[in-house]
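Visitor: sharing a model that was predicted from the sequence below.
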Amino acid sequence: MTRALILVRLKPRQPDGSMIGEARRTCHLVPLPEADAMPRFLTAYCGLRIAPGSGEVLASPTGMPCEPCLASSPVPAFSMLRHFRGRLGGGGTDR
């Protein structure tokens with residue numbers, strides 16, 4: 001069974017007061033944590049770790065989608081992107 005997904009976008013102002021530019025505020029796909037889990041951070045399919053207070057959960061896609069998230073997600077409609085995963089760049093770092 002495929003886990004439910006949530007859409008998360010980094011907030012422009014991070015909890016430490018730093019600012020995030022629009023180019024880094026892509027819409028990430030994140031597996032919904034288990035109901036009883038309290039993860040220290042959310043991990044997007046691209047590998048980005050999203051700390052508490054640094055992201056906003058979206059009701060619908062907003063802004064540019066994170067292509068590595070799309071390529072790595074279990075969503076069948078995006079499966080063709082897996083062929084280009086090496087060229088999509090980004091992801092996998094703490095921001």
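Guide: Done, it's in.

Visitor: for the residue most central in space within the chain, name its beta-bridge partners.
Guide: When C-alpha atoms, centre = their mean is applied to the chain, the residue found nearest the centroid is His28 (2.5 Å). Counting by DSSP bridges, His28 is bridged to Val8.

Visitor: do Thr43 as well
Guide: Beta-bridge pairing of Thr43 under DSSP bridges involves Arg49.

Visitor: what about it, how many neighbours?
Guide: Thr43 has 16 neighbouring residues, counting by other C-beta atoms under 10 Å. Quick note: C-beta positions are derived from backbone N, CA and C, even for glycine.

Visitor: same question, Gly47
Guide: 14.

Visitor: all strands of the chain, in order?
Guide: Assigned by DSSP state E, the chain shows strands spanning 5-10, 27-31, 42-43, 49-50, 55-58.

Visitor: circling back: hang on, the residue nearest to the centre of the chain packs against Leu7?
Guide: Yes - the criterion here is C-beta atoms under 8 Å, and His28 meets it with Leu7 at 7.2 Å.

Visitor: name the residues of stretch 53-73 that are buried.
Guide: Of all the residues in stretch 53-73, those buried under the rule 16 or more other C-beta atoms under 10 Å are 54-55, 66-73.

Visitor: want to throw these into TSV with distance to Arg40?
Guide: Listed next are the buried residues of stretch 53-73 as TSV, based on distance: C-beta to C-beta, whole Å:
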residue	distance to Arg40
Ser54	12
Gly55	13
Cys66	21
Glu67	26
Pro68	22
Cys69	20
Leu70	25
Ala71	25
Ser72	21
Ser73	22
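
Visitor: circling back to that earlier point, ok, which of the strands of the chain comes nearest Gly17?
Guide: Gly17 sits nearest to strand 5-10 of all the strands of the chain, at 14.2 Å, using C-beta to C-beta.

Visitor: ok, residues contacting the closest one?
Guide: With C-beta atoms under 8 Å, 6 or more residues apart in numbering as the test, strand 5-10 has contacts from 20, 24-32, 42, 44, 50, 54-63, 73, 75, 95.
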